[in-house]
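test case, fold it:
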Amino acid sequence: MSDDSDEDKTHDPSQKRLDDAHQRGDVAKSQEVNTWFLLAGATLVLSSFGSSVGTGLLVPMRGLLQNSWMIRTDGPGLLLLGKSLAYSVLSAMGMPFLFLIIAAVGGNMIQHRLVFSPEGLTPKFSKISPAEGFKRVFGKQAAANFLKGLFKLIALGAVMCIVLWPERFRLDAMVHFDPSVILGVSTSLTLELLTSVVVMLAAVAIADFFFQYRTWYEKLKMTLQEVKDEHKQSEGDPHIKGKIRQLRHQMMKKRMMAAVPKASVIITNPTHFAVALSYERGMAAPICVAKGMDNIALKIREIAGKHDIPIVENVPLARALYAAVKIDQEIPNEHYHAVAEIIGYVMGLKRGLSGRRT
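As a prediction, the model looks like this:
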């Protein structure tokens, strides 16, 4: 099942899928990059702070040994001695340790943005599953780690031989050197060896990062069905959206029909379109309270007939108003004259009818 799904994952992961993976703590990460940053930081610390750290530790230790006979052995005296030594060590090692912490954080930050996810701490049965364990031992990742480890072993051996082989005679003679000289020579060789290893591991870290990123990216690829499902979740189910549109249309239709009795005139074409306009003295322009075509137009005319609302047939005006004006909006300026003539005619009819009744 998983093999088939992996073969079907032909679509690149969406931004939402990448963001969800980041929130879970699932990011592309190479341990070799972290190792390289720590090793490079240690090399820089040794070359920059080595002498100051040595001096910072040597002075208090020398004073401790020279004045050991003056050390108080009671409780407060030992506590004071511990604090003094702790301050000396922190002052000497504080900056190097801070630099190493920055290097460790930088090794992660350069690969991905900060991750705060408790999901990685949640127990998962897949981690103790024999099948998953078999995949981890004999999978592509395990093969890559084996080849990487083998290459590092061979490369480190080659680097050590290149750096130390020319110094083999001097190393043999170092047993007769003064300890202060041995310290300087060993520090110099250590820095040279670390620098060579850092240069070599840079290539390993870069290659491993691209391999890990590609593996992570391929794992997050999506099948066609996953793309469709995510689109439905983000954009909404088309069936639900269609139902919502249908409900909105029904509500708008009911509201329009309830507003038809308030209309002043109904303009039709005569059967396909119907536009109900409302106008009272003092209004800037007539307002469209309802409009429709075919069945809705017929319903508007039926309600108008029940409420004795005048129906005026004007084919071009009915079509133009239906296309140009929206519900509860004033009619456009270009139709003022034509609508004004009709409303004036309707008002004249109403005045004539009221005059006859009196």
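
which stretches of the stretch 201-350 of the chain aren't confidently modelled?
Counting by pLDDT under 70, the ranges of the stretch 201-350 of the chain that qualify are 234-238, 240, 350.

strands of that one, residue ranges please.
Assigned strands in the stretch 201-350 of the chain, in chain order: 265-268, 273-278, 287-293, 311-313 (criterion: DSSP state E, counting those that start in this stretch).

and the first one, how far out from the chain's middle?
In terms of CA atoms, centre = their mean, to the nearest Å, the centre of strand 265-268 is found 55 Å from the chain centre.

check which helices and strands it is in contact with.
For strand 265-268, the packing partners by 3 or more CB pairs under 8 Å, 6 or more residues apart in numbering; DSSP states H and E come out as strand 273-278, helix 295-306, strand 311-313, helix 315-324, helix 336-357. Quick note: C-beta positions are derived from backbone N, CA and C, even for glycine.

picking that back up, distance to Pro60 and mean neighbour count added to the strands of the stretch 201-350 of the chain, as JSON lines?
Written out in JSON lines, the entries for the strands of the stretch 201-350 of the chain read as follows (distance: least, CB to CB, whole Å; neighbours: other CB atoms under 10 Å):
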{"stretch": "strand 265-268", "distance to Pro60": "101", "mean neighbour count": "24"}
{"stretch": "strand 273-278", "distance to Pro60": "96", "mean neighbour count": "26"}
{"stretch": "strand 287-293", "distance to Pro60": "92", "mean neighbour count": "22"}
{"stretch": "strand 311-313", "distance to Pro60": "107", "mean neighbour count": "15"}
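
in a markdown table: those, plus distance to Val227.
Shown next, in a markdown table, are the strands of the stretch 201-350 of the chain (distance: least, CB to CB, whole Å):
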| stretch | distance to Val227 |
| --- | --- |
| strand 265-268 | 49 |
| strand 273-278 | 43 |
| strand 287-293 | 39 |
| strand 311-313 | 53 |
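
so which of these comes closest to Asp208?
Asp208 lies closest to strand 287-293 among those, at 67.3 Å (CB to CB).

with just CA atoms, put the closest one into PDB.
As requested, the backbone C-alpha atoms of strand 287-293 are provided in PDB (Å, rounded to 0.1, in the frame of the first residue of the first chain):
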ATOM      1  CA  ILE A 287     -34.600  52.300  -6.400                       C
ATOM      2  CA  CYS A 288     -34.800  48.700  -7.700                       C
ATOM      3  CA  VAL A 289     -36.600  46.600  -5.000                       C
ATOM      4  CA  ALA A 290     -36.900  43.400  -7.100                       C
ATOM      5  CA  LYS A 291     -36.000  42.000 -10.500                       C
ATOM      6  CA  GLY A 292     -36.000  38.700 -12.300                       C
ATOM      7  CA  MET A 293     -36.500  36.800 -15.500                       C
END
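
run through who's touching it.
Outside strand 287-293, the residues within contact range by CB atoms under 8 Å, 6 or more residues apart in numbering are 253, 256-257, 259-260, 262-263, 272-279, 299-300, 321-322, 325-331.

quick one: it to helix 295-306, angle?
120 degrees (axes from the mean of the first three to the mean of the last three CA atoms, to 10 degrees).

angle of strand 287-293 against strand 273-278?
Relative orientation of strand 287-293 and strand 273-278, computed by the same axes, to 10 degrees: 160 degrees.

next, the angle helix 315-324 makes with strand 287-293.
When the same axes, to 10 degrees is applied, the directions of strand 287-293 and helix 315-324 differ by 100 degrees.

quick one: distance of strand 287-293 to the chain centre.
Computed by CA atoms, centre = their mean, the separation of strand 287-293 from the middle of its chain amounts to 46 Å.

quick revisit: out of the strands of the stretch 201-350 of the chain, nearest to His239?
Go through the strands of the stretch 201-350 of the chain one by one with CB to CB and the one that ends up closest to His239 is strand 287-293, at 25.8 Å.

longest helix anywhere in the chain?
In the chain, with assignment by DSSP state H, the single longest helix is helix 179-220.

what's near enough to touch the nearest residue to Arg17 once chain neighbours are set aside?
The shortest distance from Arg17 to any non-neighbouring residue, by CB to CB, 6 or more residues apart in numbering, is to Leu220 (5.8 Å). Under the criterion of CB under 8 Å, 6+ apart, the contact list for Leu220 reads Pro13, Arg17, Leu18, Ala21, Asp26.

roughly how far does the second one sit from Lys326?
The one in question is Arg17. With distances taken as CB to CB, to the nearest Å, Arg17 is found 40 Å from Lys326.

just want to know which of these two has more residues nearby.
Under the criterion of other CB atoms under 10 Å, the comparison of Arg17 against Lys326 puts Arg17 first, with 17 against 8.

before we move on, the earlier item: which of the contacts of strand 287-293 are buried?
In those, burial by neighbour count holds for 256-257, 259-260, 263, 273-279, 299-300, 321-322, 325, 331, counting by 16 or more other CB atoms under 10 Å.

about what we covered before: can you tell me which of the contacts of Leu220 is closest to Ile244?
Distance from Ile244 was checked for each of the contacts of Leu220 by CB to CB. The minimum falls on Arg17, at 26.7 Å.

where does Gln31 land on pLDDT?
Gln31 carries a pLDDT value of 86.

separation between the nearest residue in space to it that is not next to it in sequence and His307?
When the adjacent residues along the chain are set aside, Gln31 lies closest to Asp208, with 7.8 Å between them (CB to CB, 6+ apart). Here Asp208 is placed at a distance of 81 Å from His307 (CB to CB).
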